[in-house]
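Asks: Mind looking at a prediction? Sequence and model below.
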Amino acid sequence: MKKLSVKLGIIFFIIIIGLESFIFFYLHSSLVDSRVEEELSELQARGNSHRAVLEMNFDPTTVNHIALMESEADTDVVITDSFFKFIGSSKQSIHFSKYINQTITTSPRKGKIIEDNWREKPFIATVSPIEVDGLTVGYVFMFQDTASVQSLIMHLNEHFLLAGLISVGLTFIIIVILSKALTKPLIEMKEATSRMSNGDYSVSLPKTGKDELGDLAHSIHLLAHQLDYLTKERNEFLASISHELRTPLTYIKGYTDIVHKRNLPRDEQEKYLGIILEETTRLSILIKELFDLAKFDQNTFVIQKKRIDFSEFLLKMEQKLLPAFIEKNMNLQVTCPPHLFLMADPIRLEQIFLNLLDNAMKYSQHGTRTDLKVEKKGTNLHITVTDNGKGIPETDLPHIFSRFYRVDKSRTRALGGSGLGLAIVKELVHAHDGKITVNSKENIGTEFAIILKGATE
Ligand SMILES: Nc1ncnc2c1ncn2[C@@H]1O[C@H](COP(=O)(O)OP(=O)(O)O)[C@@H](O)[C@H]1O
Ligand SMILES: [Mg+2]
C-alpha cells in the first residue's frame, strides 16, 4: 500500500544525501586547505619579520633576543649562518636539524615553505634568507608544531560530523513527511477507484488544489458521477423494458386462456383474437424499436444516404398519412418549396416524420390542424412540425426525448405509445448530423424544429 512513498522517499534520500555529502566534502577540504595555508603564511611572515630585524643587526645579542622571544610563543625559530651552522634557537629538537641539514639550493627573498605536510610530519616549516649588502649571511628557520594544526582540524571534523548527522536526520524526517504527503492523495484516489469498481460511487476526495493531482481527483469525481448516472439509467431502462414487455404479454396470455378454455361464440372469439393480434403487433413494434436503440448504443446503426427530392418525398408521406388525419377529423398541411434536394437516408427520414406526425395526431383533439413546413436557409433545411394539440407541460419538456418517457403513462398506452418514439427520432436526427428542438405550451400546441445539413436546389 505504501510502496510508492517508500520508493519516492528512498530516491529523494539518496539524491539529497549524495548532494549533501559532496557539499560537505568540498567545504571541509577547502576549509582545511585555507586554514593550513593561513598557518603557513603566518609562519612565513613571522620568519620574515625576524629576518628583517636580523638584517639590521646581525649580531649574537639580536639572535639571542629573537630566540628568547620565540621560546615564549608556540612557534619555534632556528637561526643559522650561511653554512647552516646553528647560531641560535628557541628550542632544541632533532627534527629541526633534519630540515636545516638539507641543502637549500636557493631560497627567494620572500622566503620559502620547506615543509607543509601537516598530516604526517611533526612540524611545518619555512625559511627566510638573511641578506646583508647583497650577500646571504644566514637563515631564519621557523617551525610550528603540527599537533596544533591537527587538533584544529579534528575540531573542525567534529563540527562537520555533528552538522552532518543533524542534516541527515532532518533530511530523513522531511522526506518521510513529504513523501507521505505526496502519496497520500494518490493512495486515497486508488482506494476511491477500487471502491468504485465495487459499485460504490459515493467517492469523496480531498481537494488538493489546481495541480495535476487535483485534476486527477476531479476526473475521478466526474467518472464516479457518470458511472453512477449510467448504472441508474441502465437499471431504470431494464425495469422499463420488463414492464413494457410484461403488459402486452399479460393481455396475450389472459385472452389466449379465455379463448382456449371457454367455448365462446364466434364473434366473441374474434374480438379476443383481435386484441391478441393488437398486443402482438405492439410487442413486435416495441422490440423493433428497442433493437434500433440498441444499434444506436453500439454505434452499429447504418445510415444510407441518397439524394432525395424533398417535396416529392413529403408528398408521398402526406398521401400515406392523410387518411388517418381525415379519419380523426384533423387537418394536415405540408409546405415545401419545389426542387429541393437533400442527402439523407429516406427510410430513416420517413421514420422521423412518421413519429412526429403520429404524435401530433395522437396528442391533439379533433378539428385541429398540423403543419409541416420546410424552409431552406443557406445549405440547411429548417423543418417544423406544429400542432395545436394539448401541448406538453413545462416540467416534462426536458424529458420527452428520454427513453420510455411519457407525460401521461396510462392514457398514452391506450393510444399505443411506448415512449420510445422521440428517443429514436432524436438518435436518427443526430445520425444525420442534424439538430432537433421542441417548443410547447400546454393546451396551445407543440412545435418540433429540425435542422438538417446538406440541402441543394
Ligand atoms: N405533439 C405532441 N403533443 C403533446 N405531447 C407530445 C407530443 N409529442 C410527444 N408528446 C409527449 O411526449 C411523450 C413521448 O413521445 P414519444 O417518445 O413519441 O412516445 P409515445 O410512444 O408516447 O408517442 C408522449 O408520451 C407525449 O406525452
Ligand atoms: Mg410517439
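Replies: Noted; the coordinates are in hand. Ligands and ions are numbered 1, 2, ... in the order given.
Asks: who are the neighbours in contact with the closest residue to residue 90 other than its chain neighbours?
Replies: With sequence-adjacent residues excluded and distances taken as CB to CB, 6 or more residues apart in numbering, residue 90 is closest to residue 70, at 3.6 Å. The way it works is simple: take the backbone N, C-alpha and C, and place the C-beta from them, glycine included. For residue 70, the contacting residues are 50, 76-77, 90-91, by CB atoms under 8 Å, 6 or more residues apart in numbering.
Asks: Relative to ligand 2, which of those is nearest.
Replies: Closest approach between the contacts of residue 70 and ligand 2, by CB to the ion: residue 76, at 116.9 Å.
Asks: Give the bridge partners for that closest one, please.
Replies: Counting by DSSP bridges, residue 76 forms beta bridges with residue 143.
Asks: What does the pLDDT read for it?
Replies: At residue 76, the model reports a pLDDT of 91.
Asks: which of the contacts of residue 70 are buried?
Replies: Buried residues within the contacts of residue 70, counting neighbours by 16 or more other CB atoms under 10 Å: 50, 76-77, 90.
Asks: Tell me which two of those residues sit farthest apart.
Replies: Taking CB to CB, the two most distant members of the buried ones among the contacts of residue 70 are 50 and 76; they sit 11.4 Å apart.
Asks: Residue 369 - how many residues pack around it?
Replies: Each residue near residue 369 was counted by other CB atoms under 10 Å, and the total is 16.
Asks: Now do it against residue 216, distance only.
Replies: As for residue 369, its distance to residue 216 is 57 Å (criterion: CB to CB, to the nearest Å).
Asks: Off-centre distance for the helix or strand where residue 114 lies?
Replies: Residue 114 is part of strand 112-115, with elements assigned from DSSP states H and E. Strand 112-115 has its C-alpha centroid displaced from the chain centroid by 66 Å (CA atoms, centre = their mean, to the nearest Å).
Asks: Follow the chain on from that strand and name the next helix or strand.
Replies: Defined by DSSP H and E, the subsequent element after strand 112-115 is strand 123-132.
Asks: Give the buried residues for that following strand.
Replies: By neighbour count, with 16+ other CB under 10 Å as the criterion, the buried positions of strand 123-132 are 123-131.
Asks: pLDDT on it, on average?
Replies: Mean per-residue pLDDT for strand 123-132: 90.
Asks: of the buried residues of strand 123-132, closest to ligand 1?
Replies: The closest of the buried residues of strand 123-132 to ligand 1 turns out to be residue 124 (CB to the nearest ligand atom; 103.2 Å).
Asks: Put together CSV for the buried ones among the contacts of residue 70, with distance to residue 224 on each row.
Replies: Converted to CSV, those look like this (distance: CB to CB, whole Å):
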residue, distance to residue 224
50, 88
76, 84
77, 87
90, 88
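Asks: mind putting these in JSON lines, distance to ligand 1 included?
Replies: JSON lines is the format used below for those (distance: CB to the nearest ligand atom, whole Å):
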{"residue": "50", "distance to ligand 1": "115"}
{"residue": "76", "distance to ligand 1": "113"}
{"residue": "77", "distance to ligand 1": "115"}
{"residue": "90", "distance to ligand 1": "117"}
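Asks: that older thread, name the residues contacting each of residue 50 and residue 76.
Replies: Residues touching both residue 50 and residue 76 (CB under 8 Å, 6+ apart) are 70, 142.
Asks: Distance to residue 277 added to the buried residues of strand 123-132, as CSV?
Replies: What follows is those, written out as CSV (distance: CB to CB, whole Å):
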residue, distance to residue 277
123, 125
124, 121
125, 126
126, 126
127, 130
128, 131
129, 135
130, 139
131, 138
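Asks: Would you mind giving the residues you listed as TSV with distance to ligand 1 added?
Replies: Below are those laid out as TSV (distance: CB to the nearest ligand atom, whole Å):
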residue	distance to ligand 1
123	108
124	103
125	108
126	107
127	112
128	112
129	116
130	120
131	119
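Asks: any idea how far the nearest residue to residue 207 once chain neighbours are set aside lies from ligand 1?
Replies: Distances taken as CB to CB, 6+ apart put residue 214 closest to residue 207, at 6.7 Å, once the chain neighbours are dropped. For residue 214, the distance to ligand 1 (CB to the nearest ligand atom, to the nearest Å) stands at 42 Å.
Asks: Quick check: residue 214 is in a helix.
Replies: Yes. Checked against DSSP: H, G, I helix; E, B strand; the rest coil, residue 214 lies within a helix.
Asks: Tell me the pLDDT of residue 103.
Replies: Residue 103 carries a pLDDT score of 57 in this model.
Asks: let me fix that: residue 414
Replies: Predicted confidence (pLDDT) for residue 414: 68.
Asks: ok, now the one 10 residues further on?
Replies: The predicted local confidence for residue 424 comes out at a pLDDT of 93.
Asks: so which helix or strand takes in it?
Replies: helix 421-431.
Asks: Which neighbouring elements make contact with that helix?
Replies: helix 266-297, helix 346-362, strand 435-441 (3 or more CB pairs under 8 Å, 6 or more residues apart in numbering; DSSP states H and E).
Asks: hang on, the earlier thing: elements contacting the strand holding residue 114?
Replies: So strand 112-115, by 3+ CB pairs under 8 Å, 6+ apart, packs with strand 123-132.
Asks: about what we covered before: would you tell me which of the helices and strands packed on helix 421-431 gets closest to ligand 1?
Replies: helix 346-362 (3.4 Å).
Asks: Which elements pack onto the closest one?
Replies: Packing partners of helix 346-362 (3+ CB pairs under 8 Å, 6+ apart): strand 306-309, helix 310-327, strand 369-377, strand 380-387, helix 421-431, strand 445-453.
Asks: swap the cut-off to 7 Å and go again
Replies: helix 310-327, strand 380-387, helix 421-431 (3 or more CB pairs under 7 Å, 6 or more residues apart in numbering; DSSP states H and E).
Asks: Report whether that helix contacts ligand 2.
Replies: Yes. Against ligand 2, helix 346-362 shows contacts by CB under 5 Å from the ion at residue 359.
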